[in-house]
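Novice: whatever this is, show me its structure:
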Amino acid sequence: MSLPKEPPEDAKKQSFWMPGNYVRTVHRTEKSFQACNDIVACFAERAKVEKQYAQQLSQWSSKWKSIVDSRPLYGSLMRAWQCFFTSTERLSALHSSISQSLVAEEGKRVKTWQKETFPKKILCGFKESHNNKTSFTRAQKPWSKKLMKLEKARVAYHKSCQREQAALDKEKQANENTELSPEKKQKITEAREKVTEEKEKVRDRYEKLLEDATSYTPRYMEEMEAIFEESQEEERKRISFLKQAFLSIHRHLDVTNDESVKAVYSELHHTLMSINEEDDLKWWKNNHGPGMPTDWPKIDEWVPPIKKLNRKKREQKQKKENRPVMIGGVKVRAMYDYVGEEGDELSFKAGEVFLKVEEEDDQGWCRGVLSGGKEGFYPANYVEVVE
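Specialist: Predicted coordinates:
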């Protein structure tokens with residue numbers, strides 16, 4: 001960071017001690033106020049950049065995620081590629097959060113502090129500027145008057161010196177002129193002596209005014225420095241606050257130290273390192289290669305057709321006929337697999353033995369009880385009586 005350029009060393013008139021030059025310190029308050037506006041505007045713009053970046057990350061992730069999902073990658077390689085999009089979504093959320101923090105937290109904090117730190121005085125601008133200007137003017141007024149008198153004395157002294165020099169030149173020319181009478185030369189010498197005497201009086205006044213200004217200087221410097229230090233103290237508070245504000249902004253922007261970012265890239269790296277050629281090749285073999293299950297050609301046994309059970313008709317007929325239940329039941333063995341389509345139908349495998357507890361009806365269905373105790377209907381032509 002570069003410091004402000006120092007004024008030229010030979011520019012003595014630009015010195016703080018010269019009349020009116022305290023205005024730079026007075027105006028510093030307004031410039032500090034404006035700096036706060038600039039800081040808020042600057043990082044509000046940065047917040048927009050963060051928001052746009054977050055949106056671009058999200059758009060990129062959404063676009064490519066849909067593309068990748070349709071690509072012929074698989075296994076750990078596909079998971080690794082997809083992990084880039086997952087991590088990008090998390091980074092997008094992070095940068096969106098940074099954008100909100102810069103405006104809602106930091107911008108608001110600086111504005112609140114600015115309002116509290118720069119109170120205004122009616123018709124006088126900032127209170128601090130007005131007070132500083134009033135104090136500096138009051139402290140500098142006696143010194144300015146002495147300086148003005150001293151400057152007039154200096155000008156008068158320099159003019160008297162010029163007059164004396166002109167008189168000396170005239171006297172010299174007169175002395176060198178042989179045609180000039182002694183009386184005339186005497187008058188010229190007396191005139192020169194009078195000018196010299198007048199010059200000495202002017203110099204005495206000049207020296208006295210300089211002595212007066214010099215003796216007043218320590219008091220003038222003390223008063224001006226006291227006012228200046230008060231202004232410095234206010235500026236010190238401002239610099240301290242803005243330093244903390246910048247550090248806080250830095251904490252938001254420095255994603256390198258954010259634990260969530262570290263976690264994102266750590267997980268991404270772990271996923272990438274988990275890419276396993278053997279596992280992916282094995283997956284492909286089992287899902288698209290020789291490892292796939294296959295129904296090799298074999299005898300396809302004929303399974304008798306089943307007539308769908310009409311329950312309403314069966315119940316009506318059972319009420320009329322009052323079909324008796326078989327005491328103890330008859331053992332039957334399933335000849336084919338059957339999966340019940342309704343909750344009141346039995347399911348069984350070929351070879352399974354269970355009890356028939358009701359004779360076959362005119363629809364070709366019987367009632368039976370499995371070894372587990374479940375009772376229900378089953379197609380009569382799917383079983384045979386156990387001898």
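Novice: now do the same contact list for the most centrally placed residue in the chain.
Specialist: By Cα atoms, centre = their mean, the chain has its centre lying nearest to I98, at 3.0 Å. By Cβ atoms under 8 Å, 6 or more residues apart in numbering, the contact set of I98 is A47, E50, H252, L253, V255. Every C-beta, even on glycine, is put in place using the N, C-alpha and C of the backbone.
Novice: out of those, which are inside strands?
Specialist: Using DSSP state E, no member of these sits in strands.
Novice: neighbour-wise, give me the winner out of these.
Specialist: E50 (22 neighbours; other Cβ atoms under 10 Å).
Novice: was I right about that one contacting A93?
Specialist: No. Judged on Cβ atoms under 8 Å, E50 makes no contact with A93 at a distance of 11.6 Å.
Novice: what's stretch 306-316 in contact with?
Specialist: Counting by Cβ under 8 Å, 6+ apart, E342, D344, E345, D361, Q363, G364, W365, F377, P379, N381, Y382 sit against stretch 306-316.
Novice: please repeat the previous calculation with a cut-off of 6 Å.
Specialist: D361, Q363, G364, W365, F377, P379 (Cβ atoms under 6 Å, 6 or more residues apart in numbering).
Novice: one more: stretch 237-247?
Specialist: By Cβ under 6 Å, 6+ apart, stretch 237-247 touches S32, V110, W113.
Novice: how close does G376 get to G329?
Specialist: Distance, G376 to G329, using Cβ to Cβ, to the nearest Å: 14 Å.
Novice: actually S144, sorry about that
Specialist: 128 Å.
Novice: CA-only coordinates of stretch 148-164 in CSV, if you can.
Specialist: The C-alpha trace of stretch 148-164 is given here as CSV (Å, rounded to 0.1, in the frame of the first residue of the first chain):
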residue,chain,number,x,y,z
MET,A,148,0.6,40.2,8.3
LYS,A,149,2.4,43.0,10.2
LEU,A,150,5.7,41.3,9.8
GLU,A,151,5.1,40.9,6.0
LYS,A,152,4.4,44.6,5.7
ALA,A,153,7.5,45.5,7.7
ARG,A,154,9.5,43.2,5.4
VAL,A,155,8.2,44.8,2.3
ALA,A,156,8.9,48.3,3.8
TYR,A,157,12.4,47.3,4.8
HIS,A,158,13.2,45.9,1.4
LYS,A,159,11.9,49.1,-0.3
SER,A,160,14.1,51.2,2.1
CYS,A,161,17.1,49.1,1.1
GLN,A,162,16.3,49.7,-2.5
ARG,A,163,16.1,53.5,-1.9
GLU,A,164,19.4,53.4,0.0
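Novice: hang on, the earlier thing: most neighbours out of the contacts of stretch 237-247, which is it?
Specialist: V110 (21 neighbours).
Novice: touching, that one and V40? I think so.
Specialist: Yes. Applying Cβ atoms under 6 Å as the test, V110 and V40 come out as touching, 5.4 Å apart.
Novice: against K121, how distant is the residue nearest to the centre of the chain?
Specialist: Taken as Cβ to Cβ, the span from I98 to K121 is 39 Å.
Novice: repeat for R154
Specialist: Taken as Cβ to Cβ, the span from R154 to K121 is 39 Å.
Novice: re earlier: just the buried ones from the contacts of stretch 306-316?
Specialist: D361, Q363, G364, W365, F377, P379 (16 or more other Cβ atoms under 10 Å).
Novice: next step: these restricted to helices.
Specialist: Assigned to helices by DSSP state H, none of these qualify.
Novice: need those in JSON lines with pLDDT, can you?
Specialist: Output for these, formatted as JSON lines (pLDDT from 0 to 100):
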{"residue": "D361", "pLDDT": "87"}
{"residue": "Q363", "pLDDT": "89"}
{"residue": "G364", "pLDDT": "91"}
{"residue": "W365", "pLDDT": "92"}
{"residue": "F377", "pLDDT": "94"}
{"residue": "P379", "pLDDT": "94"}
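Novice: so of those, which ones are in strands?
Specialist: W365, F377, P379.
Novice: how about the secondary structure of the closest residue to the last one other than its chain neighbours?
Specialist: So the one you mean is P379. Counting by Cβ to Cβ, 6 or more residues apart in numbering, I306 is the residue found nearest to P379 once chain neighbours are left out, at 4.6 Å. Counting by DSSP: H, G, I helix; E, B strand; the rest coil, the backbone at I306 sits in coil.
Novice: this completes my enquiry, with thanks.
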